[in-house]
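Enquirer: could you work out the structure for the sequence below:
(2 chains)
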Amino acid sequence: MKTFYWLVKREFWEHKGGFITAPIVAGAIAFVLNAMLIAVGEAHTAMGNFHSNFSRAYEDADLVQAGAVIDGLLYGMTYLVLIVTAIVVFFYCLGALYDDRRDRSILFWKSLPLSDTDTVLSKVASAILVAPAVAVVVGVVTGLMLAIMFAMVGTYHGISIWPLLMQAHPLKVIVNLVLLIPLYAIWALPTVGWLMLCSAWARSKPFLWAIALPLGTGAVIAWMGLMGGVHGISSNYWHYVAGRLLGGLIPGGWLTEASSLAGLDTSNPAAALDKVNLAYHYSTLAQPSLWIGAIAGIAMIAGAIWFRRWRDES
Amino acid sequence: MTAVVTANGLTKRYKSQLALDGASFQIGAGRIVGLIGPNGAGKTTALKAILGLTTFDGHLDVLGLDPRKDRDRLMEQVCFIADVAVLPRWLRVGEAIDFVANTHPRFDRAKCESFLARTKLQPKQRVKQLSKGMIVQLHLALVMSIDAKLLVLDEPTLGLDILYRKQFYQTLLEDYFDEDKTILVTTHQVEEIEHILTDLMFIRDGKIVLDADMEAVGERFAEVLVSADMAAAARELKPLDERQVFGKSIFLFDNVSRPELERLGEVRRPSIGDLFVATMKGTYA
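Expert: Sure thing, here's the model as predicted:
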């Protein structure tokens, strides 16, 4: 366990810029952009409201809705930061088992009593557990800072700051987001597995292989469809194979597998947030396709471990 | 002698060529063995097999373990320096120490810090900021602080200036080597390790062509400086090699009795370099 902790720590030493700095920068940019929008809104109220839900909350003094909007803000900020982290993690996975083979520093790591299984799993854990956790923390903190800023603007318009903030549920949001990480991890397994397999296997240009193989296969299948041989395979292929191999890191991607929500009222944020709850997210676990993807991901990670152990560059 | 490494019929085939062709050898505890061979002779493949980095056919036993199956356990007892500059460039000196200290059960942190205190290395420095020589100092400090039974060095001083090269082997001898440790080293700079070796192995085309301790090498091989009139007599004793220097011929003999050679001229101990050149004649032809 101690070794595993240090292995993950090593990944964060190496990828501090991607795992920690990038989400913070993304959060900071989002914060500044929002501040600028508010400033514009305040300067030209005639141009309309940039934060219409807020203005509605102000008008109706409907604090429950305002709280839901703040919660939504925390989710939204985290989503934004998670997208940045997802892009970082995508390229991280492609390089994770390749970069040290290219610069031969793999020989140093292999001179230590570290099992290849631990090494690969520490990279998987960094990609789908620790990096998203960092993104959640950064996202929620940014969201809270934004909420405080909005509340202060609200005070300016005569709405007391504390009751407004008290209507938000930052702890609930954090708990929800943290509890979604395992689902995210399960959903991302095929993508992470595929990228790491390419990373461990390719003698050069893992990026090209990882992209070209699924796209090329898709093109061949589409062509066969056009030739009139097979029908209906192509869209399934893009959805269930190429999509899962390359797009699994997109946060919330599992919702494409969820049954659609009936009666979602976007003009009522509190009720809407209530409906898109953890139970709804986790209902996707009932979909076999999610599990088939996860099993394929685990198999590809096992393949990556095998290549990590035996790939012999000479 | 307890064997640290025992190889029998070690064979490794890459797609087109045979890198190891039934090599058999034994390395005893407390020895410093030089594995010397021309480029492409199978040195690195042999080391890779010992370190469990490649598959192979034949029998190989390292410290009682099969490197293919028990690599993780084996690496607690075996260290290696592949060649210079394999430390990851992003790593900081302090991080390297922290990492090895927390993942290697036989690492002595205090020892490592005292080694590094003798150098100019600073904990905050990244490997990419270090010179080649300093990278090797760091690597050597890490490796020497691990109480391992076998240390494998593959061209450890490649590309270093002579000050670092001398220091490398001197530190290794003075501060690391003892009768419980075994060192296996490959290098092209034969003359620099000649005086520290206890055993010598020549490898050619994947086969071990010479395997002897240094004492035996001194007894077996002799170099004789022969004047022109005795040259014909010398050739009859089937020398390994003959070269001309200042009108005289230098003959290299294997297993010819001392008195017989002394009749021909002045007898000397051949350098490993000369022995190597004679043994490997025609390798690249």
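Enquirer: show me what whichever helix or strand A:Val175 is part of is packed against.
Expert: Element membership of A:Val175 [criterion: DSSP states H and E] is helix A:170-201. Taking 3 or more C-beta pairs under 8 Å, 6 or more residues apart in numbering or on different chains; DSSP states H and E as contact, the helices and strands that helix A:170-201 lies on are helix A:63-96, helix A:116-125, helix A:131-156, helix A:206-226, helix A:243-247, helix A:278-282, helix A:288-310. Every C-beta, even on glycine, is put in place using the N, C-alpha and C of the backbone.
Enquirer: angle of that helix against helix A:206-226?
Expert: Going by axes from the mean of the first three to the mean of the last three C-alpha atoms, to 10 degrees, helix A:170-201 is angled at 90 degrees with respect to helix A:206-226.
Enquirer: ok, and for helix A:170-201, which residues are buried?
Expert: Of the residues in helix A:170-201, A:170, A:173-174, A:176-177, A:180-181, A:183-201 count as buried by neighbour count, 16 or more other C-beta atoms under 10 Å in any protein chain shown.
Enquirer: give me the angle between that helix and helix A:288-310.
Expert: 50 degrees.
Enquirer: what's the offset of helix A:170-201 from the middle of its chain?
Expert: 7 Å (C-alpha atoms, centre = their mean, to the nearest Å).
Enquirer: same check on stretch B:179-190?
Expert: Distance, centroid of stretch B:179-190 to centroid of chain: 4 Å (C-alpha atoms, centre = their mean).
Enquirer: got it, and stretch A:191-202?
Expert: 18 Å.
Enquirer: ok, now stretch B:35-49?
Expert: Centre to centre, stretch against its chain (C-alpha atoms, centre = their mean), the figure for stretch B:35-49 is 10 Å.
Enquirer: any part of that stretch near chain A?
Expert: Yes - counting by C-beta under 8 Å from any C-beta of the partner chain, chain A has neighbours in stretch B:35-49: B:44-45, B:48.
Enquirer: can you get me the start-to-end distance on that stretch?
Expert: Using C-alpha to C-alpha, to the nearest Å, the end-to-end distance of stretch B:35-49 comes out at 14 Å.
Enquirer: if we can go back for a sec, and A:Ile38, which of the helices and strands packed on helix A:170-201 is closest to it?
Expert: Among those, helix A:131-156 comes nearest to A:Ile38, with 5.9 Å by C-beta to C-beta.
Enquirer: can you name the element that comes right after that closest one?
Expert: helix A:161-166.
Enquirer: tell me how far the closest residue to A:Leu213 other than its chain neighbours lies from chain B.
Expert: Distance criterion C-beta to C-beta, 6 or more residues apart in numbering or on different chains; nearest residue to A:Leu213, sequence neighbours excluded, is A:Cys198 at 7.9 Å. The gap separating A:Cys198 from chain B is 21 Å, by C-beta to the nearest C-beta, to the nearest Å.
Enquirer: one more: A:Gly232?
Expert: For A:Gly232, the distance to chain B - C-beta to the nearest C-beta - is 42 Å.
Enquirer: just the pLDDT for that residue.
Expert: The predicted structure scores A:Gly232 at 74 on the pLDDT scale.
Enquirer: what's around it, how many residues?
Expert: When neighbours are counted by other C-beta atoms under 10 Å in any protein chain shown, A:Gly232 registers 8.
Enquirer: which residue ranges form the strands in the stretch 1-150 of chain B?
Expert: Counting by DSSP state E, counting those that start in this stretch, the segments of the stretch 1-150 of chain B that form strands are B:3-13, B:18-28, B:32-36, B:57-62, B:78-81, B:150-154.
Enquirer: for those, give me TSV that also has mean neighbour count and mean pLDDT.
Expert: Listed next are these as TSV, based on neighbours: other C-beta atoms under 10 Å in any protein chain shown; pLDDT from 0 to 100:
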stretch	mean neighbour count	mean pLDDT
strand B:3-13	19	93
strand B:18-28	19	92
strand B:32-36	24	94
strand B:57-62	17	94
strand B:78-81	26	92
strand B:150-154	24	94
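Enquirer: let's have the ones you listed in CSV, adding distance to A:Ala279.
Expert: Formatted as CSV, the strands of the stretch 1-150 of chain B follow (distance: least, C-beta to C-beta, whole Å):
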stretch, distance to A:Ala279
strand B:3-13, 57
strand B:18-28, 60
strand B:32-36, 65
strand B:57-62, 55
strand B:78-81, 53
strand B:150-154, 57
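Enquirer: one step back: most neighbours out of the residues of stretch B:35-49 next to chain A, which is it?
Expert: Going by other C-beta under 10 Å, B:Lys48 tops the residues of stretch B:35-49 next to chain A with 26 neighbours.
Enquirer: SS state for the closest residue to A:Ala125 other than its chain neighbours?
Expert: For A:Ala125, ignoring the flanking residues on the chain, the nearest one in space by C-beta to C-beta, 6+ apart is A:Val8 at 6.0 Å. Counting by DSSP: H, G, I helix; E, B strand; the rest coil, the backbone at A:Val8 sits in helix.
Enquirer: let me see the contact set for the residue nearest to the spatial centre of chain B.
Expert: In chain B, the centroid-proximal residue (C-alpha atoms, centre = their mean) is B:Val185; its distance is 2.1 Å. Residues in contact with B:Val185 (C-beta atoms under 8 Å, 6 or more residues apart in numbering or on different chains) are B:32-35, B:152-153, B:156, B:193, B:197.
Enquirer: now for the longest helix along chain B, which elements pack on it?
Expert: As assigned by DSSP state H, the longest helix anywhere in chain B is helix B:132-144. Using 3+ C-beta pairs under 8 Å, 6+ apart, the elements in contact with helix B:132-144 are strand B:78-81, helix B:93-103, helix B:109-117, helix B:162-171.
Enquirer: now the strands for the stretch 151-285 of chain B?
Expert: So, for the stretch 151-285 of chain B - with DSSP E, counting those that start in this stretch - the strands run B:182-186, B:199-204, B:207-213, B:221-226, B:241-245, B:248-254, B:265-268.
Enquirer: buried deepest among the ones you listed, which one?
Expert: Ranked by mean neighbour count, these are led by strand B:182-186 with a mean of 24 (mean count of other C-beta atoms under 10 Å in any protein chain shown).
Enquirer: neighbouring strands for it, and are they parallel or not?
Expert: Strand pairing for strand B:182-186, determined by DSSP bridges: strand B:32-36 (parallel), strand B:150-154 (parallel).
Enquirer: okay, that strand in CSV with CA atoms only?
Expert: The C-alpha trace of strand B:182-186 is given here as CSV (Å, rounded to 0.1, in the frame of the first residue of the first chain):
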residue,chain,number,x,y,z
THR,B,182,29.0,-9.2,-6.8
ILE,B,183,29.5,-6.8,-9.6
LEU,B,184,28.9,-7.6,-13.3
VAL,B,185,30.0,-4.9,-15.7
THR,B,186,30.1,-4.5,-19.4
